[in-house]
Each structure stands twice: as structure tokens, then as C-alpha cells.
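pasting the structure only:
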Ligand SMILES: Nc1ncnc2c1ncn2[C@@H]1O[C@H](COP(=O)(O)OP(=O)(O)OP(=O)(O)O)[C@@H](O)[C@H]1O
Ligand SMILES: [Mg+2]
């Protein structure tokens, strides 16, 4: 095995092993003691000791979460499903919110990049809205969409205020990187390309789709990638507050149930899924940057 | 009335303190079908001048007219070969040229457009590379695509901004021949910007020197009355060639030369002496090379 391969495959495992070890050190371990109680009987008492006594260690976590991992698609109840079933629910919501973010964000980015007036008018607003946390947007979304209610024939609510608010939160939070990167990309279009459009007297529509969009694509995809990261980040907050089934909703429910092993499972799942999404986007991004 | 005419054109950039007057009092009249070469220093304002004719820039004062009509915006009647090719990198060679053809001859049938595009790709010998993206082409090939695109527009005026400057001598010679051949065949009005006087003499009917900036202006034109086709090798021995060359270069170095500027600068001479092996070793510091700073102030006169 050559050196680079060793480095790129084995070294990450060293890091993971180190983290697991620290986790194991910090986690509480059950200790069983024989104690004589007030009545003089000998009873076995199990107590947890350790720096974080309630935190389950790696092996304990595995035993407690095995069901969710080994039967990833099983549905035992609305808030008791296999981990991949939850992930799928979350991903669906993220995908919807993300699409809205791109559809709204990209045109805004183009307007900002193309028009100095437009960018002077809206730049301050964007800078103010951008740092607002998802936790703050969600209540606003609830108020905004309080009257939204789509039910099926049987009276089940298919899409209610809560769903609308969750989508709204994801879209609003995830939009900004797309908006800003697109705007930067449009401003960075070399004058040469615009000169070509001018000399050929391309119409506005043709300039847009033959010159502006292709020239901005690499920047747009950087924005799309960052947006996806944020959309996934927001999902937990959105699900926690709305109680929707999904990784975030499960996490919150398990916190209320004081089931820490499940929380760890959720955290790891969120991390891994986020990582995979980012990898996928970077592959797509690289394809467009190669042009 | 001349075909293409610039009268008392002035152009500057920036405002207030930082304003530089790039071009001033540009006067030139170009006849239809004429091949004019403009030769000048780098940074003198050659690209600015071409942009004014193309309509990408508007003069601060004076007028630029084509057939008596003021040029106010770019248009397909003036094909430009930009200094940096300006091909759209996400399109193939064919698509780059087809974009121009589509735009300028919207009423043609698809077959006719295709034929026309192919014809110009073939003209610059790029048929084998027609499906390649500009990123996969060499500098010379890109340059040729750019020339083909401008020609395919069948413009009344062809504006070439240092179209061959990025090329090696060999490719350059080939493309010079190509430009001449095309001009002979199509008899378009051509304005060629170049920094190579020999190239101008080889190709043009008339050479106009542009003096050094700022406030660059056009010097007296020199007519190139050497028989065509001009042979690159034979021309070197032509007495008329030597005379033209002397006239143009004489102007560029003399009246149109760089203004003399005095620049004073401070030179810090290399201050490292070789390591002294006999010096006593010091703990932790080893034998340090001894340093001495030597600073010299001097005033240099730039320009000829
Ligand atoms: N858009 C602009 N804004 C400000 N200054 C400019 C602009 N375009 C050109 N200039 C200035 O005008 C001067 C002439 O530039 P120009 O590009 O016309 O030179 P050039 O003769 O084409 O040079 P080269 O031979 O290197 O291509 C330069 O000093 C440049 O800094
Ligand atoms: Mg130039």
C-alpha cells in the first residue's frame, strides 16, 4: 500500500478511534455493588459513574440503538421508525424547502448582480435578514401561514400551517448563500463576454441564457452547495419545533424521554447525511467548474 | 466623405485627481476597402481606440462616424476580434461561431446557417476542432476562431485588436497570410491594431503610428506602396520597406515617444556576506552570517 493511500484511508480512522476513545472515557459506566440496605438485606445496586454519568458509552449506545439501525425502514409508530425511514422523511422536507430556496434565491441573486439600484435597495435588508436564526423564522412562518390547510377527502390534514412554516423556515434560511453567490458571480462576469453580447446585439433573453447564466454557473453551484448544507442544518430546528416525524423530531422526542443513546444516533445520522450531501454536491459542482 | 471617420476624438478614464486622458485629438479617415494598421506602444490606448470604433465606448468629445452616421452603440456591421479572443468558454468552436451567425442572419434557413458557419470554420482551418471547447484549443487556434467569428458576421468593417500578439513567430506568419488572403478575397475595410511595425507593413495599405500615452494621438500616416502579394522574405530587401519602417519607428521613438520622466528610487543592495568559518561559534546562534545594509539613492531617467 502506498503512502498517500495509507494517509487518506487510515489516518481518518485514527481520528475516529481517538474520538470514540474520548467518548468512552467521558461516558458513564454502570457499576454493580452489593449493599446492605436498611433492613439488613444484601441487594445489588447498579449505579452509573463517570464524568458524564448519564451518557451511554459506545457499546451501550450500539446495543440500545441496534433496532433502529438494523431495521432501518421499520415503522412501529409515527415517532418510532427505523433511522433511515426518519432520514427519508427529513430529506423529503429538506428537498422541498431547498427547491423553493433555489427557485427564489437565484433570480434575486441575478437581479442583485445585474442592477446597482436593485442591490442598493435590497442589500441592507438582506444583510439584516441573513443572520436571523431558523428558530426565529419558524414562529413567524406559523403566523404567516396560519390559514393554510389542505386536507384529503377523509379529513386528514395533508399540508397544514406547520408544514408550510417548516418549508418557509428552510427556504428562508437556505436561500442566502445562493442569493449572494449568484450576485457575486454575475458581478464577476468578465467584461469580454458582455462585449461579445453587445457586439452581436443579443436580445436580453438571449444574453441571459447564452452568456449570463453559463458564466455564473460555477458561482451558482457554490451557492447551491452551501445552501444545501444550511437547509440540512435547519431541518433539525424545524422538526424539533413542529414535532414533525423525522430525524430532528425523533431527536427531540428522545430528549424528552431521556433516551441519550438515541440522541447520539440522531446526531451521528445528521452528521453523516450532511457529509454525504455535501460530497454529492461537490461532485456536481466540480463538473460545472470544469467547463 | 470618408467611409469611417474619427474627428477630434478625446477619451479619458476616471474622474477628478485620478483622471487620465488616454486619447486626445484623434483624427483619421479610412476609405472603404482600405487596410489600415495602427501601431503603438503598449498601454497607449489602442484597445480604447478600437472600442470607440466598435461603439463599446463613447468618446468624451469629437465624433466617430461610419458612412456619415454617428456610432453610438456596438453593432454587427463592425466585427471585432478582441485582444483576448473573447470566446465563450462553455460553447464549442462551432457554437461560438453559430451564435454570431444565428444572430446576424435570423432569416436564413438552418441549412444555410450551418453551411455559412462551416465555411468560415474551414477558412481558418479549424474543421477538425469544430466540436472542441476554447479551453481545449491552443492560443493560436482560439485566435483563429475569434477571427472566423468576426468574418462570419460579414461586417462592413473588421476591427482586429492585436489579433496575433499572443502567438509564436511561426503561427503568426501563417495567420498573417490567412488575414491577407481573406482580405484580398472579401475586400472588407480592416483596422488592424498591432505593436509590430513589420506586421503592419506586410499587411496594410497604410500605417498610422499612435504616440505614447497619456494624451496619445495619431502621428502622420505612412502609405505602404509595396506591390501585393508581399513576400515576407523578399520584403526585407525592399528599399521602400526600410524607408517606411524608419519613418514609423522614427515617429514612435521621436515625437511620439515616451515623455521623459525622472524617477528616483532607493536601492537596497544585497547585504549578505558569506559565512565566516573562522568566527567563533556562539551558543544557540551558530555562526551567523554577518549582515551589512547598503542603501543607495539614485535618480533614473526613463524614456528615450
Ligand atoms: N475601463 C478603463 N478604466 C480606466 N482606465 C482604463 C480603462 N481602459 C483602459 N484604461 C487605461 O487606458 C490606457 C490605455 O489602455 P488600452 O487598453 O487602450 O491600451 P493598449 O494600447 O490597448 O495596451 P496593450 O497594447 O497593452 O493592449 C491604460 O493606461 C489603461 O490603464
Ligand atoms: Mg490593447
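Yep, it's here. The model shown is predicted, which means the values in this text are computed figures rather than measured ones. Ligands and ions are numbered 1, 2, ... in the order given.

wait, residue A:114 sits on residue A:186?
Yes. Look at residue A:114 against residue A:186 with Cβ atoms under 8 Å: they come within range, at 5.9 Å. All C-beta atoms are positioned from the backbone trio N, CA, C, and that covers glycine.

More neighbours: which of the two?
Neighbour count, other Cβ atoms under 10 Å in any protein chain shown: between residue A:114 and residue A:186, residue A:186 has more, with 21 against 16.

Give the residue spans of chain B that score low on pLDDT.
B:258-304 (pLDDT under 70).

Now list whatever residues contact both of residue A:114 and residue A:186.
By the contact definition Cβ atoms under 8 Å, 6 or more residues apart in numbering or on different chains, residue A:114 and residue A:186 are jointly contacted by residue A:212.

so where do the strands sit in chain A?
A:29-36, A:42-49, A:75-77, A:80-81, A:149-151, A:157-160 (DSSP state E).

contacts for stretch A:149-156?
Contact with stretch A:149-156 is made by A:157-161, as judged by Cβ under 8 Å, 6+ apart.

do that again at 6 Å, thanks
Contact with stretch A:149-156 is made by A:157-160, as judged by Cβ atoms under 6 Å, 6 or more residues apart in numbering or on different chains.

residue nearest the centroid of the chain?
Reading this off chain A. In chain A, the residue lying closest to the centroid (Cα atoms, centre = their mean) is residue A:232, at 1.2 Å.

can you tell me how far that residue sits from residue A:270?
Relative to residue A:270, residue A:232 is positioned 8 Å away (Cβ to Cβ, to the nearest Å).

could the contacts of stretch A:149-156 go into JSON lines alongside neighbour count and distance to ligand 2?
Converted to JSON lines, those look like this (neighbours: other Cβ atoms under 10 Å in any protein chain shown; distance: Cβ to the ion, whole Å):
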{"residue": "A:157", "neighbour count": "13", "distance to ligand 2": "66"}
{"residue": "A:158", "neighbour count": "9", "distance to ligand 2": "63"}
{"residue": "A:159", "neighbour count": "14", "distance to ligand 2": "60"}
{"residue": "A:160", "neighbour count": "15", "distance to ligand 2": "63"}
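
so residue A:214 sits right up against residue B:90, yeah?
Yes. Using Cβ atoms under 6 Å, residue A:214 is in contact with residue B:90, at 4.3 Å.

The helix or strand where residue B:193 lies pairs with which strands, parallel or anti?
Using DSSP states H and E, residue B:193 sits in strand B:189-194. Using DSSP bridges, the strands paired with strand B:189-194 are strand B:35-40 (parallel), strand B:157-161 (parallel).

For the ones you listed, give me TSV that also has mean neighbour count and distance to residue A:207.
Below are the strands paired with strand B:189-194 laid out as TSV (neighbours: other Cβ atoms under 10 Å in any protein chain shown; distance: least, Cβ to Cβ, whole Å):
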stretch	mean neighbour count	distance to residue A:207
strand B:35-40	25	30
strand B:157-161	24	21
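
and ligand 2, which of those is closest to it?
Nearest to ligand 2 among the strands paired with strand B:189-194 is strand B:157-161; the distance by Cβ to the ion comes to 5.8 Å.

what angle sits between the very next helix or strand once past the closest one and strand B:157-161?
Later in the chain than strand B:157-161, the nearest helix or strand by DSSP H and E is helix B:169-186. Helix B:169-186 and strand B:157-161 meet at an angle of 170 degrees, taking axes from the mean of the first three to the mean of the last three Cα atoms, to 10 degrees as the criterion.

in helix B:169-186, what counts as buried?
Buried residues in helix B:169-186, defined by neighbour count with 16 or more other Cβ atoms under 10 Å in any protein chain shown: B:171-172, B:175-176, B:178-180, B:182-183.

swap in stretch A:32-46?
For stretch A:32-46, the neighbour count (16+ other Cβ under 10 Å) marks no residue as buried.

Show residues contacting that stretch.
residue A:30.

before we move on, what about stretch B:187-205?
Under Cβ under 6 Å, 6+ apart, the answer for stretch B:187-205 is B:32-39, B:46, B:50, B:157-162, B:180, B:183, B:207, B:224, B:230, B:244-245, B:248.

switch the cut-off to 7 Å
Residues from elsewhere that reach stretch B:187-205 (Cβ atoms under 7 Å, 6 or more residues apart in numbering or on different chains): B:3-4, B:30, B:32-40, B:42, B:46, B:50, B:53, B:156-162, B:164-165, B:176, B:179-180, B:183, B:207, B:224, B:230, B:232, B:235, B:241, B:244-245, B:248-249.

go on, stretch A:99-114?
For stretch A:99-114, the external contacting residues (Cβ under 7 Å, 6+ apart) are A:118-119, A:122, A:167, A:171, A:174-175, A:178-183, A:185-187, A:220, A:224, A:227, A:231.

Now, these that are in helices?
Taking DSSP state H, the ones among these that sit in helices are A:118-119, A:122, A:167, A:171, A:174-175, A:178-183, A:185-187, A:220, A:224, A:227, A:231.

Close to chain B as well: tell me which of these qualify.
Among those, not one lies near chain B by Cβ under 7 Å from any Cβ of the partner chain.

Next one, pLDDT for the residue lying farthest from the centre of chain A please.
Most distant from the centre of chain A: residue A:40, at 55.7 Å, with distances by Cα atoms, centre = their mean. pLDDT for residue A:40: 78.

Near ligand 1, which residues of the stretch 201-304 of chain B? Just list them.
Residues of the stretch 201-304 of chain B found near ligand 1 (Cβ under 6 Å from any ligand atom) are residue B:213.

Nearest to chain A: which residue in the stretch 201-304 of chain B?
Closest to chain A within the stretch 201-304 of chain B is residue B:213: 20.1 Å, counting by Cβ to the nearest Cβ.

Kindly indicate whether that residue is helix, strand or coil.
coil (DSSP: H, G, I helix; E, B strand; the rest coil).

Buried residues in stretch B:111-127, which are they?
The neighbour-count check on stretch B:111-127 (16+ other Cβ under 10 Å) flags B:113, B:116-117, B:120-121, B:123-124, B:126 as buried.

same question, stretch A:146-162
A:148, A:161-162.

So which of those residues is the closest to ligand 2?
Looking across the buried residues of stretch A:146-162 and measuring by Cβ to the ion, the closest to ligand 2 is residue A:148, at 59.2 Å.

follow-up on the earlier one: could you export the strands of chain A to JSON lines, including columns for distance to residue B:81?
Rendered in JSON lines, the data for the strands of chain A read as follows (distance: least, Cβ to Cβ, whole Å):
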{"stretch": "strand A:29-36", "distance to residue B:81": "77"}
{"stretch": "strand A:42-49", "distance to residue B:81": "79"}
{"stretch": "strand A:75-77", "distance to residue B:81": "66"}
{"stretch": "strand A:80-81", "distance to residue B:81": "64"}
{"stretch": "strand A:149-151", "distance to residue B:81": "59"}
{"stretch": "strand A:157-160", "distance to residue B:81": "57"}
